[in-house]
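S.K.: Got a sequence here, can you model it:
(2 chains)
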Amino acid sequence: MTIKHSLLAILAAEPTHGYGLKSRFEESTAGAWPLNVGQVYTTLNRLERDGLVVPEGIDGSSRQSWRLTDEGRAALHDWYDTPVVNDPPARDELAIKVLLAIGADGADVGDILHQQRAATMERLQQFTRHKRKADPDAELPWLLLLDALILKAEAEIRWLDLCEQRIAGRDAER
Amino acid sequence: MSAVLAFDDVSRVFGIGEAAVTALDRVTWTLHAGELVAIMGPSGSGKSTLLALAGALDEPTHGTISVHARSLASCTAAQRAELRRRTLGFVFQDDNLVPGLTALENTSLPLELDGVARNEARTRGLAALEAVALTGLAQRFPAELSGGQRQRVAIARAFVGERDILLADEPTGALDTLVGEHVMRLLRGHCDAGKSAVVVTHDAAHAAWADRVLSLRDGRLADLSLASGADE
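M.R.: Numbers count the residues shown, from 1 in each chain, chains lettered A, B, ... in the order given. Have a look, this model is predicted:
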């Protein structure tokens, strides 16, 4: 569960209040996944219930700070030590669409592949324009996130190319 | 934007009769000043043929290719050679470095051939090597460099002449990801300064540095970035 572990990771540095957790999370992840502050409080309550965090006291602006417990630190290290494996794979609308379109009446797989390639290439160009402007020292999280998005888009285009080649190969044999 | 390179209904057929192979099939497109265009396509799709035609290294079977609004067919062989020397710059997959010359000598050679004084050619050659992060290896011979380093020397050599149109065939092919990205940044900078380039690549992440991405399939051309071209 990502939000839970993300909060533990931020609290490992120093005790922080709910709103501070939200801002710190968004800063570290280049604003890619905006957090609802209500989500943060609900998660903190659950973390407290499980003994992973405890209230640390009230700060000058009467905001409740939270501190990691030893159990919380252990849970965080378990998270760091466990590789992320999406099993079963996340549902992929594009893959499902292409697989179902093969051999379906009224579906032109070639058109689907071409349109998707153009759309994905456009996204890739947008990401790359952001990358051109990013400062590699001051905006490292943003740059790394863009790299991840670029590589995923690139993989999608390669998969579309491969679909086209395999389908052409099959059609040539018929 | 003014057109620096234009293909109008260009076909290139190799062989005759039943053995004829159409490498390019009625291709029309224009490269504008300040534009970086990427061409993607599977091997055998006609990418290298297109680049050879753009570089006046080959002639079309049908159609017209113009550089700076002048048809290549109307040029004499000497004029085409002059065009290749002054207007066009090439980066090939095979780096084409002269084995007996150092990285710096290879880089400043085109300038010296153009009549630039030796000292100035050297200074500009060093600056071009610095741009590809090779300053420390300027005195090495090609055999003493890795494949990626040789490719970067070839790129420095193409940049040093400040040609209007750079034609690059898989310029990032032998390079690791970060160095490849650096090369695309350099090509981007070349075009942002008002010059133009065509990059043939199979790598979508590198093609994405271009203003427009064209897709070649069986000798036919399709624009992959109509929408992004429209908003600029």
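S.K.: For chain A, which segments count as helices?
M.R.: A:2-11, A:18-28, A:37-49, A:70-81, A:93-101, A:109-133, A:140-173 (DSSP state H).
S.K.: quick one, which of those is nearest to residue B:75?
M.R.: Distance to residue B:75, taken as CB to CB, is lowest for helix A:109-133 among those, at 34.7 Å. To be clear about C-beta, it is placed using only N, CA and C from the backbone, and glycine gets the same treatment.
S.K.: what angle separates the closest one from helix A:93-101?
M.R.: If you take axes from the mean of the first three to the mean of the last three CA atoms, to 10 degrees, helix A:109-133 sits at 170 degrees to helix A:93-101.
S.K.: Please put the alpha-carbon coordinates of the longest helix that chain B contains into CSV.
M.R.: Using DSSP H, we find that the single longest helix of chain B is helix B:177-192. C-alpha atoms of helix B:177-192 as CSV (Å, rounded to 0.1, in the frame of the first residue of the first chain):
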residue,chain,number,x,y,z
THR,B,177,21.2,6.2,-22.9
LEU,B,178,22.6,9.3,-21.2
VAL,B,179,25.2,10.0,-23.9
GLY,B,180,22.5,9.4,-26.6
GLU,B,181,20.3,11.9,-24.8
HIS,B,182,23.2,14.4,-24.8
VAL,B,183,23.6,14.0,-28.6
MET,B,184,19.9,14.7,-29.1
ARG,B,185,20.2,17.8,-26.9
LEU,B,186,23.1,18.9,-29.2
LEU,B,187,21.0,18.3,-32.3
ARG,B,188,18.1,20.1,-30.6
GLY,B,189,20.4,23.1,-29.9
HIS,B,190,21.6,23.1,-33.5
CYS,B,191,18.0,23.5,-34.7
ASP,B,192,17.0,25.9,-31.9
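S.K.: where in chain B is pLDDT low?
M.R.: B:1, B:174, B:225-232 (pLDDT under 70).
S.K.: Residue B:199: which of the helices of chain A is closest?
M.R.: Between those, helix A:109-133 lies closest to residue B:199; by CB to CB that is 13.1 Å.
S.K.: Counting neighbours, which bits of the closest one end up buried?
M.R.: Using 16 or more other CB atoms under 10 Å in any protein chain shown as the test for burial, helix A:109-133 gives A:109, A:112-114, A:116-125, A:127-128, A:131.
S.K.: Now do it: which elements does it pack against?
M.R.: helix A:93-101, helix A:140-173, helix B:204-207, strand B:212-217, helix B:226-230 (3 or more CB pairs under 8 Å, 6 or more residues apart in numbering or on different chains; DSSP states H and E).
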